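> what follows is a predicted protein model with its sequence.
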Amino acid sequence: MKEQAAGGKVVDEKREHAEIASRICELCQERKTLSPHVRFCPRCLGKKGARARMANLAHQASSREKPEEDPPAHEKTPKNRNVKVLVDFSRREDLLKRVTELADDEFRPLELQILSLVKRHFDTVK
Ligand SMILES: [Zn+2]
């Protein structure tokens, strides 16, 4: 009886082991894995590895390309340097009207007309 029981147990263990050993790949559900601890068959493992390598390469490439997208150092405008002025004419709308008329007269955008007036002012002051 003891031997039979032991033998049965051994058979059971063997079958269990065989089932685990023939674990099916989780990815393709077709091929067997190399060992019970591996979730994917060698082919899918290779694919996964290749995909990971590709992703890694793409990431490296993109991080390498980034500095090239930026303009050269001498063309860069320092981020904290304020070079734009928002002018509020709400207290002197008459001035805005006059500058606008002048801009129309000289076929200039309003911003450039204001810039031109400022330049002309300093040219005459000089
Ligand atoms: Zn597979």
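Received it, and whenever you're ready, just let me know what you need.
> low pLDDT regions in this structure?
By pLDDT under 70, the low-scoring segments of the chain are 1-22, 61-80.
> any idea how it splits into domains?
Residue ranges for the domains of the chain, per automatic domain parsing: 15-68, 93-125.
> nearest approach to the ion belongs to which of these?
Proximity to the ion (C-beta to the ion) singles out domain 15-68 among the domains of the chain, at 3.1 Å. The way it works is simple: take the backbone N, C-alpha and C, and place the C-beta from them, glycine included.
> so which bits of stretch 98-114 are buried?
Going by neighbour count (16 or more other C-beta atoms under 10 Å), the buried part of stretch 98-114 is Val99, Ala103, Gln113, Ile114.
> what parts of the chain come near the ion?
Contact residues, the chain versus the ion (C-beta under 5 Å from the ion): Cys25, Leu27, Cys28, Arg31, Cys41, Cys44.
> which residue packs closest to the first one, ignoring adjacent ones?
Beyond its immediate neighbours in the sequence, the residue positioned closest to Cys25 (C-beta to C-beta, 6 or more residues apart in numbering) is Cys41, lying 3.7 Å away.
> just the ones of the residues of the chain next to the ion in strands?
With strands defined by DSSP state E, no entry of these lies inside them.
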